[in-house]
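Chemist: generate a structure from the sequence data that follows.
(2 chains)
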Protein chains: 2
Amino acid sequence: MTVKRRPGRRPGSADTRGEILTAARRVFAEKGFDKATVRGIAREAEVDPALVHHYFDTKEGMFAAAMQLPINPQEIIPILLEGPREEIGVRLVRLILRVTASEETRAPVLALLRSAMSNDQAIAMIREFFTSALLYQVADRLEVPHLRIEAAFSQMLGIVMARYVLKLEPLASADHDELVELLAPTIQRYFTG
Amino acid sequence: MTVKRRPGRRPGSADTRGEILTAARRVFAEKGFDKATVRGIAREAEVDPALVHHYFDTKEGMFAAAMQLPINPQEIIPILLEGPREEIGVRLVRLILRVTASEETRAPVLALLRSAMSNDQAIAMIREFFTSALLYQVADRLEVPHLRIEAAFSQMLGIVMARYVLKLEPLASADHDELVELLAPTIQRYFTG
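Modeler: The predicted structure is shown next:
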């Protein structure tokens, strides 16, 4: 834990970004993702809201940075939306496999899931982030029912859990091409029915 | 925690079953599922192996009882194997939804997943139980590759997590028929290609 100093409004000291993220973690945990605001986080960090916007384009980006997620919704959504719709299953499976392939990018994702399993306050925040910032966005832009997007999310969540938490073999050692062949038709069917 | 008394071999006192389960939990946690034996658990409980067999038909049944799981592999496997093969997806999805529908039967399943997320020693035991006692058994009897059975398992694991841990809506409130329609074709494809 770092010691929190509160010297009042600062124009942007060396660790301002870090202090904004510390404040963001506190506000997200207290209010959840939906009710947290850039203004509220700026107030908690005792900086100007414009400074928060300078470091982070959006609330989604701030959440991803605060949780050290390897990828944020603004990056995921275009990957899914751009390119042929009939290849969305392949794109999504490859993306999730790639993001979780290295220990470094996987660790914060697993930490988030671990919090969700053990911490009731974290669950609400994580649920709101997954739905408001990611799943409903994708569903609404593609005009796919929310339930179908959540079925796709569940498939990939289960794969990440089985591969990297339970470490079931042969799944844990299967290569990306084999998994894409197996899983992409499932995701594709959920997206395009 | 109950106080453990060790009065030597007993022919079967009122709480012998409970003491066998306490010993089983200890042995499973120490040795994992694969290396644990009925004989070793009997030794730990200081009872005759025949008495362990009297209470529990199999090691699988003992594990399920020790973890208070609502259903054991000997019950799951026949449900999957009996009946038309082209309806295996429907049967599996209905079974998982039914078993996890009530708080009482769901709690030990979630407790097991929680242990897997937070306890490295528990992971090995849980992994071996899922694979040796359940997934490989089903795969081998149906002559389906292990990887495909694990993909099916991952889908249902993700659904249980998304519905009962993350509580994503509308998934958490979706009724069984709607979920069977959405998920059974996925499971069916993994099982029968």
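Chemist: only C-alpha atoms from now on, for both contacts and neighbour counts.
Modeler: Will do.
Chemist: burial measure for A:Lys31, as a count.
Modeler: 15 (other C-alpha atoms under 10 Å in any protein chain shown).
Chemist: any chance of the backbone angles for it?
Modeler: Backbone geometry at A:Lys31, expressed as degrees, to the nearest 10, gives phi -100, psi -10.
Chemist: for the nearest residue to it once chain neighbours are set aside, phi and psi?
Modeler: Spatial nearest neighbour of A:Lys31, excluding adjacent residues (C-alpha to C-alpha, 6 or more residues apart in numbering or on different chains): A:Met125 at 7.7 Å. Dihedral pair for A:Met125: phi -60, psi -40, per degrees, to the nearest 10.
Chemist: looking at it, A:Met125 is touching A:Ala36, isn't it?
Modeler: No - using C-alpha atoms under 8 Å, A:Met125 is not in contact with A:Ala36; the gap is 9.6 Å.
Chemist: show me which of the two is the more surrounded one.
Modeler: Shown here are A:Met125 and A:Ala36; by other C-alpha under 10 Å, A:Met125 has more neighbours (22 against 19).
Chemist: now do the contacts for A:Glu128.
Modeler: Counting by C-alpha atoms under 8 Å, 6 or more residues apart in numbering or on different chains, A:Glu128 touches A:32-34.
Chemist: B:Ala122 versus that one, what's the distance?
Modeler: 30 Å (C-alpha to C-alpha, to the nearest Å).
Chemist: do the same with A:Thr186
Modeler: Distance of A:Thr186 to B:Ala122, given as C-alpha to C-alpha: 31 Å.
Chemist: from memory A:Gly158 sits against B:Ala162, does it?
Modeler: No - counting by C-alpha under 8 Å, A:Gly158 does not reach B:Ala162; the two are 9.2 Å apart.
Chemist: okay, these two: which has more neighbours?
Modeler: Using other C-alpha under 10 Å, the more surrounded residue of A:Gly158 and B:Ala162 is A:Gly158, with 26 against 23.
Chemist: what's near enough to touch the more buried one?
Modeler: Listed by C-alpha under 8 Å, 6+ apart, the contact set of A:Gly158 reads B:153-159.
Chemist: which of these ranks first by neighbour count?
Modeler: B:Ile159 leads the contacts of A:Gly158 on contacts (other C-alpha under 10 Å) with 30 neighbours.
Chemist: chain neighbours aside, what residue packs nearest to it?
Modeler: Leaving out its chain neighbours, the residue that sits closest to B:Ile159 by C-alpha to C-alpha, 6+ apart is A:Ser154, at 5.2 Å.
Chemist: how many residues are close by A:Ser102?
Modeler: Counted with other C-alpha under 10 Å, residues neighbouring A:Ser102 total 10.
Chemist: ok, now how distant is it from chain B?
Modeler: 18 Å (C-alpha to the nearest C-alpha, to the nearest Å).
Chemist: quick one, phi/psi of that residue?
Modeler: Dihedral pair for A:Ser102: phi -100, psi 140, per degrees, to the nearest 10.
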